[in-house]
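**Q** Got a sequence here, can you build the structure:
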Amino acid sequence: MDLSSLNNKQQAAVTAPLGPVLVLAGPGSGKTKTLTSRIAYIIEKRMAHPANILALTFTNKAAKEMRQRVSLLLARYKSAAESLTMGTFHAVCAKILRHEIPALGYSSDFVIYDTQDQQKVIKDILEELRVDTKKLPASLFGALISRAKNLLQSPGELDLGLDSPLREKLGEVYARYQDALYRQNALDFDDLLMLTVKIFQNFPAALKKYQKKFTYILVDEYQDTNQAQYLLLSLLATHRNIFVVGDDAQSIYKFRGSDITNILNFEKDYPEGLNIKLEQNYRSTKNILEAAQKVIEMNPEQKAKTLWTQNPQGEKIILTCEQDERAEAEFVARNIVRLASVVQAPGLPTGKQAEGLHYGDDAEYQADHDQDEPKTFSILDRFIKAKKMQANYVSSFGRGLLPQMPKKHEPLKEYCVLYRTHAQSRALEEALIEASIPYQIVGGLKFYERMEIKNMIAYLRLALNFRDLVSLKRVINEPPRGIGDKSYSVIRDFILDNISNLQMDESANGNESSNAALKRFRTAFAEVKLQPKAWQSAQDFFSLLEEFSDFNAAFTLPELMRLIVKKSGYEKYIRDGSEAGESRYENILELINVAHKFKNLPWREALQEFLQEVALIAEIDSKDESKDAVTLMTLHSAKGLEFDNVFFVGLEEGILPHSRSLINPDELSEEVRLAYVGLTRARKRLFLVYTHSRRVFGNLQINNPSRILRVLPKTAIEYKGMAKEHFREEDGELVVEQVDF
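**A** Down below sits the predicted model:
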């Protein structure tokens, strides 16, 4: 295997002997290249059989990239690459549970509930318990239940340090929630990990089988593992052949349950292991790295690394203070137009002329703008208002409020705007729309959250598991069949009261077992008391599900989907002659296109794989790599990505670091790591922006510049606007003024 493209530290990691290895990989240091080269090296040197290798990561995007790279490295050994077990923690655990979960009383045809499904189940429970959801919303219980599962706590073991009234109520809701999932043969995301660990702990034969299978384990982003993942790895890695790659300086998911001590204590867990640091950065300029290094040094508890690069010094980082969030957004839009424009429009300032120009400085416009500022506007309102103003207020160079992105421009996919929370995106969207700049938001309304897609997926889930009450409630009257809420409640109660009679026979194959259970249900359901029209509609609906479930095993998933959309009446229902209806139908056709990747499998097996993949799609997986648009995203969504040009906005005390972190040293340390992640996304240009004032949830908020800005090396920074006053030099030293606006 040719290792000449690897640096010395990467080679040391790739060629390490068997046993525990910790690779501390700074941002942009080639960790994926190192990890995939290690897999190929192990196989080529016959240190482990491909079928015995388990490689784990956190997103489908990362898993796909890993598999592609390994396949290229092992081009001569195609079957070897295909034999690997590689994927996200949740996807791998889901596959294990398909085989092992009957030991816990579930059927292998379980469905996976996403966050929206989980919230619906919890809301029903809170209504039954008459809990005031304004004071104690379903989202709170969902988050606490998730935290408990990450810590492997069952309802009877609940210990989250909560006050007594909430602890008792949570225990009751959690117990009912788990019972509801069990009776519906459903799992949530956290169950995939927790139940796999539970099986390994309580069924030694199952654990031994997987210990024997996975004799070499590799883990990407080890700093993001939670307690359940840590214990899962500990149970499997009895051979102590574990190779983990991560960076404690990029541990930013504590709110999801990740535990930074897992990577900090690796050497305690495996004292015989190797510790290798990847510190050479291939991504960013020297100025960007110098700034990032100063920021991460704010955290005292860390595994020290010093990033370095052979890249050029690069442009200085621009640090500016703008008047408010509107001016901040305009600064971003102006500079994207300036940098991306290939051919400038007639009269539009270019280069140095455009850099310091603030559009909309006209006094008459400014007065109008100031009067309107306290109000909140939708993006459409802003857009219409801007167009009117462009007609009334035209500046001397022939343009209105913002310069317009010309039709001919450089690719926009290398431009990214980062912020702490999604609430900050509104003003940015408005400015980008007004400047005719295409953009996409990672974490906005995603394809799989659209109504018609959720409905189609509900039909598909019911074809596997008719006990899925979340899906049943969603489509039993979609399209309308005359089955109202009261009739649905009767049907739901009947299913829940007869669970023992509706269990599937796991000794039969999936098709026979689910059909048999559905047939038993339909026979018993004939005696249910409903109004005649609702009774007949319900009978027809379950007959339809039986037809879907009994679909010929030789047919494909796309064929089943086309049958469902026709026979259910859903196509006719949504294609109502409107443009919106045609758009919804096109989305369903796109969903069928997605399913074609599984067309070589029998439909039932394909459907399990398809639904699992859809359920486990991460936020970052929704980023359209082919779309030529500016990317707007939160810092949490940005990890693992990189862009030539990054605008990092909202750098104020109370925003970043977030106000709720200011009294907790651990949370404050994570905010510093979050800033470090943001800075290191940039390859060539980095713009840092904070504001004089900001309207947050309708309230005018005045903050000081973030403490993160105070440690930046002055030699790497060019100060703009009011930042020149706040960050000034006295006797050759940088003085940061405590600003009282």
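**Q** where are the low-confidence patches of the chain?
**A** Applying pLDDT under 70 to the chain picks out residues 343-400, 443-446, 500-514, 618-626, 697-698, 729-741.
**Q** remind me, longest helix of it?
**A** Longest helix in the chain by number of residues (criterion: DSSP state H): helix 164-183.
**Q** Next, the buried residues of it.
**A** For helix 164-183, burial by neighbour count (16 or more other Cβ atoms under 10 Å) applies to 169-171, 173-174, 176-178, 180-183. For the C-beta atoms, the positions are set from N, CA and C on the backbone; glycine is no exception.
**Q** and the helix or strand harbouring Leu686, how far from the chain's centre?
**A** Element membership of Leu686, judged by DSSP states H and E, is strand 682-691. With Cα atoms, centre = their mean, to the nearest Å as the basis, strand 682-691 stands 23 Å off its chain's centre.
**Q** can I assume Ser436 is in contact with Pro403?
**A** No: Ser436 is beyond contact range of Pro403, at 9.3 Å (criterion: Cβ atoms under 8 Å).
**Q** Could you check which of these two is surrounded by more residues?
**A** Higher neighbour count among Ser436 and Pro403: Pro403, with 24 against 14, using other Cβ atoms under 10 Å.
**Q** mind pulling up the phi and psi values for the more buried one?
**A** phi -70, psi 150 (degrees, to the nearest 10).
**Q** Over to Thr36?
**A** Torsion angles, degrees, to the nearest 10, at Thr36: phi -70, psi -30.
**Q** close enough to count as contact, it and Arg69?
**A** Yes: using Cβ under 8 Å, Thr36 is in contact with Arg69, at 4.1 Å.
**Q** Kindly present the buried residues of helix 164-183 as JSON lines, with separate columns for distance to Ile276.
**A** Supplementary listing: the buried residues of helix 164-183 in JSON lines, determined by distance: Cβ to Cβ, whole Å:
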{"residue": "Lys169", "distance to Ile276": "48"}
{"residue": "Leu170", "distance to Ile276": "43"}
{"residue": "Gly171", "distance to Ile276": "45"}
{"residue": "Val173", "distance to Ile276": "46"}
{"residue": "Tyr174", "distance to Ile276": "42"}
{"residue": "Arg176", "distance to Ile276": "48"}
{"residue": "Tyr177", "distance to Ile276": "43"}
{"residue": "Gln178", "distance to Ile276": "42"}
{"residue": "Ala180", "distance to Ile276": "47"}
{"residue": "Leu181", "distance to Ile276": "42"}
{"residue": "Tyr182", "distance to Ile276": "45"}
{"residue": "Arg183", "distance to Ile276": "49"}
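**Q** sec struct for Ser234, please.
**A** helix (DSSP: H, G, I helix; E, B strand; the rest coil).
**Q** show me what contacts it?
**A** Asp269 (Cβ atoms under 8 Å, 6 or more residues apart in numbering).
**Q** if I look at it, how far off is Ile53?
**A** Distance, Ser234 to Ile53, using Cβ to Cβ, to the nearest Å: 18 Å.
**Q** Then Tyr177?
**A** From Tyr177 over to Ile53 (counting by Cβ to Cβ), the distance is 36 Å.
**Q** cool, and Ala638?
**A** Remark: distance between Ala638 and Ile53 (Cβ to Cβ) = 30 Å.
**Q** tell me which element Lys123 is part of?
**A** Per DSSP H and E, Lys123 falls inside helix 115-128.
**Q** do the same with Val244
**A** strand 242-246.
**Q** that older thread, who does the next helix or strand after the longest helix of the chain pair with, and is each partner parallel or antiparallel?
**A** Downstream of helix 164-183, the next assigned helix or strand under DSSP H and E is strand 186-188. Note on strand 186-188: by DSSP bridges, its sheet partners are strand 111-113 (parallel).
**Q** who touches the partner strand?
**A** So strand 111-113 is in contact with 94, 121, 181, 184-189, 192, 461, 464-465, 468, 470-471, 611-612, 615-616, going by Cβ under 8 Å, 6+ apart.
**Q** do the same with stretch 76-84
**A** 39, 43-44, 49-51, 53, 55, 67, 70-71, 74.
**Q** try 7 Å this time
**A** 43, 50-51, 53, 55, 70-71, 74 (Cβ atoms under 7 Å, 6 or more residues apart in numbering).
**Q** out of the residues you listed, which one sits closest to Glu267?
**A** Here the nearest of the contacts of stretch 76-84 to Glu267, counting by Cβ to Cβ, is Ala55; it sits at 22.1 Å.
**Q** what kind of secondary structure is the closest one in?
**A** Secondary structure, three-state DSSP: Ala55 is strand.
**Q** how about it, what does it touch?
**A** Contacts of Ala55 (Cβ under 7 Å, 6+ apart): 39, 66, 84, 86, 218.
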